[in-house]
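1. Provide a 3D model corresponding to the input given below.
(2 chains)
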There are 2 protein chains.
Amino acid sequence: MSKKVIIIGSGAAGMTAASTARAKCPDCEITVFTEDEDISYSSCAIPWGIEGKSKWTDIVMHTPEFYEKERNIKVYTKTKVESVDDASKTVTANGTAYNYDSLVIATGATVFVPPIEGAKLKNVFVIRTVRDGKNVEEALKGAKNVVIGGAGVIGLELAVSLKNMGKDVTVIEMMNQVIPRIADKDMADNIQKHLEDMGIKFVMKAPIQAVNGTDKVTGVTADGKEYPCEVMIFATGVRANLDIPKALGFDVGQLNALLVSPTLQPYKRGRLVPDIYVAGDLVQCESAIMPGATMSQLGSTAVKQGSVAGNNAVSSEKKLFGPVASPWVSFIGEKQIAGTGLSEGLASWYGIDVAEGKAVGLTRARYYPGGKELIVKVLADKTSHRIIGAQIIAGEEATGRIDWLTSAAVNGITAEDFLVRSENAYCPPTSMVKDVVISAVEDLCKKLAQ
Amino acid sequence: MSKKVIIIGSGAAGMTAASTARAKCPDCEITVFTEDEDISYSSCAIPWGIEGKSKWTDIVMHTPEFYEKERNIKVYTKTKVESVDDASKTVTANGTAYNYDSLVIATGATVFVPPIEGAKLKNVFVIRTVRDGKNVEEALKGAKNVVIGGAGVIGLELAVSLKNMGKDVTVIEMMNQVIPRIADKDMADNIQKHLEDMGIKFVMKAPIQAVNGTDKVTGVTADGKEYPCEVMIFATGVRANLDIPKALGFDVGQLNALLVSPTLQPYKRGRLVPDIYVAGDLVQCESAIMPGATMSQLGSTAVKQGSVAGNNAVSSEKKLFGPVASPWVSFIGEKQIAGTGLSEGLASWYGIDVAEGKAVGLTRARYYPGGKELIVKVLADKTSHRIIGAQIIAGEEATGRIDWLTSAAVNGITAEDFLVRSENAYCPPTSMVKDVVISAVEDLCKKLAQ
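-> Have a look, this model is predicted:
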């Protein structure tokens, strides 16, 4: 009899798990349950969907019909899983019990909306699903003033998209910098300045106290002042969806996400749970930089975990999901900002004394037209001299460079070793003869030698 | 008394050595001798200088006057060093003997022109110096047909520049592919096709037999056929300039370049030579991929070596120059091609049995506008599974990715480990959610498992 695989969740993690399981096991019976109406899309794309830069029909890579027809995967959309019983190995949805041999839980995360007055008023949104995006797009028609709560990368990408659409955009942030936690203040301030130059307004160090209005939102109060708006969007970070794992009694980690083994199996009172795998935003990861827990909650991580979970759900040859450095990149206005490993803030959380090197240059040779500013900052542990993180701001070509620095950090390379062992490809239209990454590490070595 | 440093050669290696020595030793007496009339420029930039995309005055970063005034470095241009005596520690030039405490030899390499009839006719050029570039620029006025001998990266970049200028361009290559030796045939053929689509003509597997003409060149004979032209340019690779080292009796390696220690000191009958350092295209390097000799001859390598040689010339705290993977990148037409480590051809030279993985994708998410094709090929040693090389063709963003793969190869990562330990930064405008680099290594792992 063919093996039955059930997957809960249809985001990057869930659908990658489904497709991986299918590729590994042509005759398995694979079923996906999701509360969402769309599947297999990138949440990261929603700002550009709203702006109209990408079409909604393109953002949704595949429909349920595609999965059924092309991959023989049955997808139940708008379907809430009512319960899971790991003893009888059944999932109940639509009042029906479905048996499984292997279960993948990929229920993701939900935008955290602070429990304040008015947060449920009309024209107050989060953006997480394509449906959310379409709802915002609709509400924006005729709206002039928009408030975005939260200056993380999604909030900032959205701010640019709305500004491009001609809206008057105000971003309200609780902390004293944009992209708090993962970017350092000097790098964040560079980006904030860039957005201010575009006409986006910022209200910093201002916790949102209330969303005002009777039926629809008319303004947002933060730090005692009101900011009028017709649309308000929360981009205040996400929290793992743990309803199902908690109902099953699975162990939750110190970061309020699910503890998993390298095979991506959950634990129940310390013991590995058989035949259940977990992938995506609800997983608590191990840091590849320093021993300790970390959250990743990136689309790229979800795909990688989905691939491991999908494989392990059907194959006895288990794959492993390793610790993460969580490189990230965002395209904000005309600038890319990217980071990897620990920021200064995260390093202090681990109790690490940090040295930092920084260099400013161009993405091309100085004499070749079109070069854009490239700022690289690299952090090392002052004791071990190991590279523990990096951040880049550039008009182009940040992504490969941050992946390069990620590789160095994950492999435990010291700043001094990096200089001896690293080389950069060079031609005038694509880099300086000594890449700015190398110059930043040279500066770092100087600081470490002081 | 202040230390006297003499540097022979004013390219990337020589001038980096001079500036590094100055930075380390404010009161040293630093003198540079060069046969060239311009100093401190990138040979790689010459195709764009000829095309007019970059100005000659921009390509030459600094003048001798700048070095004298700003860095207190005396530069003698158009000055041939007649002899070096390492016993008395003197350099003779312009009939004068100059004493040195430390000597840096950075005499570079010269374009190899095959010893054939007509190679010295008028309007037959090599491109190595800014003077060469200006001479070609002048000769091209009124010329319609140009033959380029050699389809390496410089030959191809030049072909595109001349095509952009409206010339009829024919490239004649001895081997059966463009970019021989460092690119694999499948990748090279992709680039050749791209250039053919632009209207550049190729004559392959055709050794150049003669350059024809009485005064000026009128055509080139290759493989028995004549190709008419008014200008002919040899881009046939370079050979180390070893006159001075050979006169000094320094040991030359099996690749016809100078043997050096990690401190970049030469050897004389197996013994390290004190107080002399070498940097740039005349150096024989060690491979970072496999134990063995290799040539690097890249601008980026020259700068790195110049920095080590310049430091060691003045400081007792010696720096080391490590083995090289020699990542390279070239911008040819609308495509970037980049490579690192061993190609299939170089791997077979080392006797390595190679597995290869390949993936084709985009530089951005599929639904985000403007994404360009991205082809990644990764090679591993079939026995050890270590990544030994990679090549990339992309419309944008190849450079950082090849530096990333260089880091993996140099650090001895296996293909399987790469999948567990590598992460890629992702946002729709700058990458696919699973970067094509990762997909290529996945394909490689499949091949290795077969």
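2. give me the residues contacting the host helix or strand of residue A:163.
-> Here residue A:163 sits within helix A:153-164, counting by DSSP states H and E. The contact list for helix A:153-164 (CB atoms under 8 Å, 6 or more residues apart in numbering or on different chains) reads A:44, A:46-48, A:50-51, A:53, A:127, A:140, A:146, A:148-149, A:169, A:171, A:173, A:178-179, A:191, A:195, A:198-200, A:233, A:235-236, A:328, A:330-333, A:337, B:427. Just so you know, the C-beta spots here come from the backbone N, C-alpha and C atoms, and that holds for glycine as well.
3. can you check stretch A:74-85 too?
-> Contacts of stretch A:74-85 with the rest of the structure, by CB under 8 Å, 6+ apart, involve A:8, A:10, A:30-39, A:64, A:67-68, A:90-95, A:103, A:105, A:244, A:247-248.
4. for that stretch, list the C-alpha coordinates in CSV.
-> Backbone C-alpha positions of stretch A:74-85 (Å, rounded to 0.1, in the frame of the first residue of the first chain) are rendered in CSV as follows:
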residue,chain,number,x,y,z
LYS,A,74,-4.3,17.0,-3.4
VAL,A,75,-4.6,20.5,-1.8
TYR,A,76,-7.5,21.5,0.4
THR,A,77,-7.6,25.3,0.5
LYS,A,78,-9.6,27.3,3.1
THR,A,79,-9.5,24.3,5.3
LYS,A,80,-8.7,24.5,8.9
VAL,A,81,-7.2,21.4,10.5
GLU,A,82,-9.3,20.8,13.6
SER,A,83,-7.1,18.4,15.3
VAL,A,84,-4.2,16.0,15.0
ASP,A,85,-3.9,12.7,16.9
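5. pLDDT of it, averaged?
-> Summarised as a single mean, pLDDT over stretch A:74-85 is 97.
6. and for stretch A:151-159?
-> Mean pLDDT, computed over stretch A:151-159, is 97.
7. tell me how far that stretch is from the chain's mean position?
-> When C-alpha coordinates are averaged (CA atoms, centre = their mean, to the nearest Å), stretch A:151-159 and its chain have centres 12 Å apart.
8. tell me which residues of that stretch are tucked away?
-> Taking 16 or more other CB atoms under 10 Å in any protein chain shown as the basis for neighbour counts, the residues of stretch A:151-159 that come out buried are A:151, A:152, A:153, A:154, A:155, A:156, A:157, A:158, A:159.
9. and the residues you listed, which is closest to residue B:259?
-> When these are compared for distance to residue B:259, the smallest value, 51.0 Å, is given by residue A:153; criterion: CB to CB.
10. list the contacts for residue A:247?
-> Residues in contact with residue A:247, defined by CB under 8 Å, 6+ apart, are A:83, A:84.
11. what do you get if the cut-off is 10 Å, keeping everything else the same?
-> Under the criterion of CB atoms under 10 Å, 6 or more residues apart in numbering or on different chains, the contact partners of residue A:247 comprise A:83, A:84, A:85.
12. ditto for residue A:230
-> Residue A:230 makes contact with A:123, A:139-140, A:142-147, A:167-168, A:213, A:216-219 under the criterion CB under 10 Å, 6+ apart.
13. ok, of those, which come out buried?
-> Buried members of these, scored by 16+ other CB under 10 Å, are A:123, A:139-140, A:143, A:145-147, A:167-168, A:213, A:217-219.
14. which of those residues fall within helices?
-> A:139, A:140 (DSSP state H).
15. Throw the buried ones among the contacts of residue A:230 into a markdown table and include pLDDT and distance to chain B, thanks.
-> Formatted as a markdown table, the entries for the buried ones among the contacts of residue A:230 read as follows, by pLDDT from 0 to 100; distance: CB to the nearest CB, whole Å:
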| residue | pLDDT | distance to chain B |
| --- | --- | --- |
| A:123 | 98 | 26 |
| A:139 | 97 | 22 |
| A:140 | 97 | 20 |
| A:143 | 97 | 25 |
| A:145 | 98 | 26 |
| A:146 | 98 | 21 |
| A:147 | 98 | 23 |
| A:167 | 98 | 20 |
| A:168 | 98 | 24 |
| A:213 | 97 | 33 |
| A:217 | 98 | 28 |
| A:218 | 98 | 33 |
| A:219 | 97 | 31 |
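16. among the buried ones among the contacts of residue A:230, which are in strands?
-> Per DSSP state E, strands hold the following members of these: A:145, A:146, A:147, A:168, A:219.
17. show me the two of those that sit farthest apart.
-> Between all members of those, the longest pairwise span (CB to CB) is found for A:168 and A:219 and amounts to 12.8 Å.
18. that older thread, among the contacts of helix A:153-164, the buried ones, what's the ChimeraX command?
-> Restricted to buried positions by 16+ other CB under 10 Å, the ChimeraX selection for those reads:
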select /A:44,46,47,48,50,51,53,127,140,146,148,149,169,171,173,178,179,191,195,200,233,235,236,328,330,331,332,333,337 /B:427
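19. the contacts of helix A:153-164 in helices, which ones?
-> Applying DSSP H to the contacts of helix A:153-164, the entries found in helices are A:46, A:47, A:48, A:50, A:51, A:140, A:191, A:195.
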